[in-house]
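[1] have a look at this prediction, sequence included:
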Amino acid sequence: MGIGKALRPFIEFAGTATNPADLADILGETTGRMGYDYFALTHHVDLRDAPPSTIRLHSYPDRWVEYFDRNGLAASDPIHRASQRTAIGFAWRCVPQMIPLTPADRRILALATDHGIGEGFTIPAHVPGEANGSCSFATANGRPLPPDNSAQAQVVGSFAFEAARRVWQVRGAETDARPRLTDRQRDCLIWAARGKGDWETSVILGISEDTVAQHISQACERYGVQKRTSLMIHTLFDGTISFADIARR
Amino acid sequence: MLHLIEGTRPHLEDAVLRNMFEARKRVFVDLLGWDVPVLAGRYELDQFDTADAIYLVVTDGHGGHRASARLLPTTRPHLLDTMFACLCDEPLPRGPTVHEITRFCLERSLPACDRRAARDELVSALARFGAGYGITLYTGVAEPGWIEQVLSFGWRARLLGAPREIGGKRLGAIAIEIDAETPGLLERAGISGTLCFAGEVSDAA
């Protein structure tokens, strides 16, 4: 299929970018090749109060971005609001069907046009527990969207945002000092976190009850904690287990 | 007793916090059926229970839970901006003096009038804490029954947008203005608290 072959280089390069400048270069090049003039990769946060892990990468005209930030427009940007209503990319001309637009919204859209930004396509990026964000591709005012490449923009936008999450260390830096559990220790821990006793877990995993207790006790040692509930909290917040692992149903 | 717990990684070593997370499970999961994670079958905590969260907890003399609420800074991802932004018809309030009230929890096992007293203590504490901490606005997401109560407490509270159905539940976003007058406004409406934070001196003393 055509899409896969054309995008593999982008996906590989985006996956290896280690700093914002590299990612901007790769994204800028791909933006042009797809037939757009601008890209904007951003968390939907007012930059005036944002933590350092806030993603912001774009090729919009500087004057527009300065105006946008100076007036705190991130808080009311209609494109950002519309991106919360869908899981896939959407053209800006569809926004009036997605959310109610106020006069202030139409003013922001008109201002963007005045600053040289024409039509656009936005791919939402929603990771639970993190600020909402998106990757947008836009044309210069007067130029139409490139035909028929919404699927391509979708893939590029998604991989670009994920690369940005890695570069900006949105989840915190990976350090070697973080304790690591074996698969079995983690398995036992997850069932305990789901409320199963050691005997139930031993039945589920097909090992002895003593072994289950041992795995959990060794995992506690690796984290330097006495109680298994402390272990559960540590591992939840360092990503060893996820809230999805212990979700109901 | 009234506890203010902030700046600490989530943990269960402290009885007050432990009892609070257990109460949250009994209320939000067992009673209200929320689809939220439960730890070890006993505690309800989620990805927002980080060191950035501030907890106000009303307890009996032994640290037993009576009422609690979690405050989240709006300068970081929180519930309203990450999951319920569609409930705001106006720009979502955010900033260093805006905090979101979440997991407002009343102890199920209390008789109705004690539960109401605990509720009033917590609401009063939220107002006094907010005013003292420099908070100018609380935001929150709630179901219509609770929204109606919040709007009737006497403080300056309003809806941020029309309530909508999300995931089968009707929800609305609210904002509550906080300033030095707020505790007085609450008292005039019959909501008052007698408990002090540790270190706080009561006017009545």
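    Here it is on my side, so go on. Residues are numbered from 1 along each chain as shown, chains lettered A, B, ... in the order given.
[2] does residue 155 lie in a helix or a strand, and which?
    Using chain A. Element membership of A:Val155 [criterion: DSSP states H and E] is helix A:150-167.
[3] quick check: pLDDT value at residue 31.
    I'll assume chain A. What the model reports for A:Thr31 is a pLDDT of 93.
[4] wrong one, I was asking about chain B
    94.
[5] for it, phi and psi?
    phi -80, psi -50 (degrees, to the nearest 10).
[6] excluding sequence neighbours, find me the nearest residue to the residue of chain B found nearest chain A.
    Using Cβ to the nearest Cβ, B:Gly41 is the residue of chain B that sits closest to chain A, at 2.4 Å. All C-beta spots, glycine's among them, are computed from the backbone N, C-alpha and C. Distances taken as Cβ to Cβ, 6 or more residues apart in numbering or on different chains place A:Gly195 nearest to B:Gly41, at 2.4 Å, with adjacent residues excluded.
[7] so that neighbour makes contact with B:Glu44?
    No - between A:Gly195 and B:Glu44 there is no contact under Cβ atoms under 8 Å: 11.9 Å.
[8] which residues do these two both contact?
    B:Val38 (Cβ atoms under 8 Å, 6 or more residues apart in numbering or on different chains).
[9] look up how far A:Ser230 lies from the residue of chain B closest to chain A.
    According to Cβ to Cβ, to the nearest Å, B:Gly41 stands 16 Å off from A:Ser230.
[10] what residues are up against the residue nearest to B:Gly41?
    Per Cβ under 8 Å, 6+ apart, neighbours of A:Gly195: B:38, B:40-42.
[11] which helix or which strand is home to it?
    When the helices and strands are read off by DSSP H and E, none of them contains A:Gly195.
[12] from A:Glu209, how far out is it?
    For A:Gly195, the distance to A:Glu209 - Cβ to Cβ - is 16 Å.
[13] hang on, the residue of chain B closest to chain A in a helix?
    No - assessed with DSSP: H, G, I helix; E, B strand; the rest coil, B:Gly41 is coil; it does not lie in a helix.
[14] hang on, it packs against A:Ala192?
    No - with contacts defined as Cβ under 8 Å, B:Gly41 does not count as touching A:Ala192, sitting 9.2 Å away.
[15] the more surrounded of those two?
    Neighbours around B:Gly41 and A:Ala192, counted as other Cβ atoms under 10 Å in any protein chain shown, are more numerous at A:Ala192. The numbers are 26 against 13.
[16] the more buried one and A:Cys220 touch, don't they?
    No - with contacts counted by Cβ under 8 Å, A:Ala192 stays clear of A:Cys220, the gap being 10.8 Å.
[17] now for those two: what residues contact both?
    With Cβ under 8 Å, 6+ apart, A:Ala192 and A:Cys220 have common neighbours A:Arg228.
[18] residues in chain B within reach of chain A, list them.
    Residues of chain B lying close to chain A (Cβ under 8 Å from any Cβ of the partner chain) are B:9-13, B:29, B:35-43, B:45-48, B:50, B:75-77, B:81-83, B:85-86, B:89-92, B:94-96.
[19] buried residues in stretch B:54-64, which are they?
    By 16 or more other Cβ atoms under 10 Å in any protein chain shown, the buried positions in stretch B:54-64 come out as B:54-59, B:63.
[20] can you list those in JSON lines and add secondary structure?
    Listed next are the buried residues of stretch B:54-64 as JSON lines, based on three-state DSSP:
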{"residue": "B:Ile54", "secondary structure": "strand"}
{"residue": "B:Tyr55", "secondary structure": "strand"}
{"residue": "B:Leu56", "secondary structure": "strand"}
{"residue": "B:Val57", "secondary structure": "strand"}
{"residue": "B:Val58", "secondary structure": "strand"}
{"residue": "B:Thr59", "secondary structure": "strand"}
{"residue": "B:Gly63", "secondary structure": "coil"}
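[21] outside of stretch A:95-107, which residues touch it?
    A:76, A:78-79, A:81-82, A:85-86, A:90, B:86, B:89.
[22] looking at the residues you listed, which is nearest A:Gln169?
    A:Ile79 (25.8 Å; Cβ to Cβ).
[23] for the closest one, the count of nearby residues, please.
    23.
[24] could you find the closest non-adjacent residue to it?
    A:Ile79 sits nearest to A:Thr122 (Cβ to Cβ, 6+ apart), 5.6 Å away.
[25] ditto for B:Val27
    Per Cβ to Cβ, 6+ apart, closest to B:Val27 is B:Cys105, 5.0 Å.
[26] the helix or strand hosting the one you found: how far from the chain's middle?
    In the assignment (DSSP H and E), B:Cys105 maps to strand B:98-106. What separates the centre of strand B:98-106 from the centre of its chain is 3 Å, taken as Cα atoms, centre = their mean, to the nearest Å.
[27] buried residues, the helix or strand that it is followed by. List them.
    Later in the chain than strand B:98-106, the nearest helix or strand by DSSP H and E is helix B:112-133. Neighbour counts over helix B:112-133 (16+ other Cβ under 10 Å) mark B:115, B:117-131 as buried.
[28] ok, back up a step: the residue nearest to B:Gly41 and A:Ile216, how far apart?
    14 Å.
[29] equivalent analysis for A:Arg93, please.
    With Cβ to Cβ as the criterion, A:Arg93 and A:Ile216 are 56 Å apart.
[30] more neighbours, the two?
    A:Ile216 (21 against 11).
[31] torsion angles phi and psi at that one?
    phi -70, psi -40.
[32] contact partners for it?
    Residues in contact with A:Ile216, defined by Cβ under 8 Å, 6+ apart, are A:185, A:188-189, A:192, A:198, A:228, A:231.
[33] can you map out the strands along chain A?
    A:38-43, A:56-58, A:90-91, A:117-125, A:133-140 (DSSP state E).
[34] got those as a markdown table, with mean pLDDT, distance to B:Trp155 and mean neighbour count columns?
    Shown next, in a markdown table, are the strands of chain A (pLDDT from 0 to 100; distance: least, Cβ to Cβ, whole Å; neighbours: other Cβ atoms under 10 Å in any protein chain shown):
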| stretch | mean pLDDT | distance to B:Trp155 | mean neighbour count |
| --- | --- | --- | --- |
| strand A:38-43 | 94 | 32 | 24 |
| strand A:56-58 | 92 | 36 | 20 |
| strand A:90-91 | 95 | 39 | 17 |
| strand A:117-125 | 95 | 35 | 23 |
| strand A:133-140 | 95 | 34 | 24 |
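[35] including distance to B:Glu165, could the ones you listed go into JSON lines?
    Conversion of these to JSON lines gives the following (distance: least, Cβ to Cβ, whole Å):
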{"stretch": "strand A:38-43", "distance to B:Glu165": "28"}
{"stretch": "strand A:56-58", "distance to B:Glu165": "34"}
{"stretch": "strand A:90-91", "distance to B:Glu165": "22"}
{"stretch": "strand A:117-125", "distance to B:Glu165": "21"}
{"stretch": "strand A:133-140", "distance to B:Glu165": "25"}
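[36] secondary structure class for the residue nearest the centre of chain B?
    When Cα atoms, centre = their mean is applied to chain B, the residue found nearest the centroid is B:Ala69 (3.1 Å). With three-state DSSP as the basis, the three-state label of B:Ala69 is strand.
[37] perfect, that will be all.
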